[in-house]
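Asker: Below are the sequence and a predicted model; questions follow.
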Amino acid sequence: MSGSVYKVVELVGTSDVSWEKAAENAVLTAGKTLRDLRVAEITKFDLTIKDGKIASYRARVTLSFKYENA
């Protein structure tokens, strides 16, 4: 029997530029310690506000990566 097993983690990336950069930051940071990233799904966008202005963009990212065969 063959098959694969994947782990799913949820991260929140931030950026002071855009939601796209926030998501990119999450994926790039995860890629430094997790190998074989497969799929990233953006599940939520939000932002922080300070003094009535946007302070930062946040993207909640669900990432999956494949477990290595033992």
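Answerer: Sure thing, it's come through.
Asker: Point out where this structure drops to low pLDDT.
Answerer: By pLDDT under 70, the low-scoring segments of the chain are 1-2, 69-70.
Asker: What ranges does it have for its helices?
Answerer: Here the chain has its helices, by DSSP state H, at 19-31.
Asker: Just the strands from it, written as ranges.
Answerer: For the chain, the strands defined by DSSP state E cover 6-15, 37-50, 53-66.
Asker: out of those strands, deepest packed?
Answerer: Each of the strands of the chain was given a mean neighbour count from mean count of other C-beta atoms under 10 Å, and the largest, a mean of 16, is that of strand 53-66. Every residue, glycine included, has its C-beta placed from N, CA and C.
Asker: Could you check the angle that strand makes with strand 6-15?
Answerer: Angle of strand 53-66 versus strand 6-15, following axes from the mean of the first three to the mean of the last three C-alpha atoms, to 10 degrees, is 160 degrees.
Asker: what pairs with strand 53-66, and is each one parallel or antiparallel?
Answerer: Sheet pairing of strand 53-66 (DSSP bridges) gives strand 6-15 (antiparallel), strand 37-50 (antiparallel).
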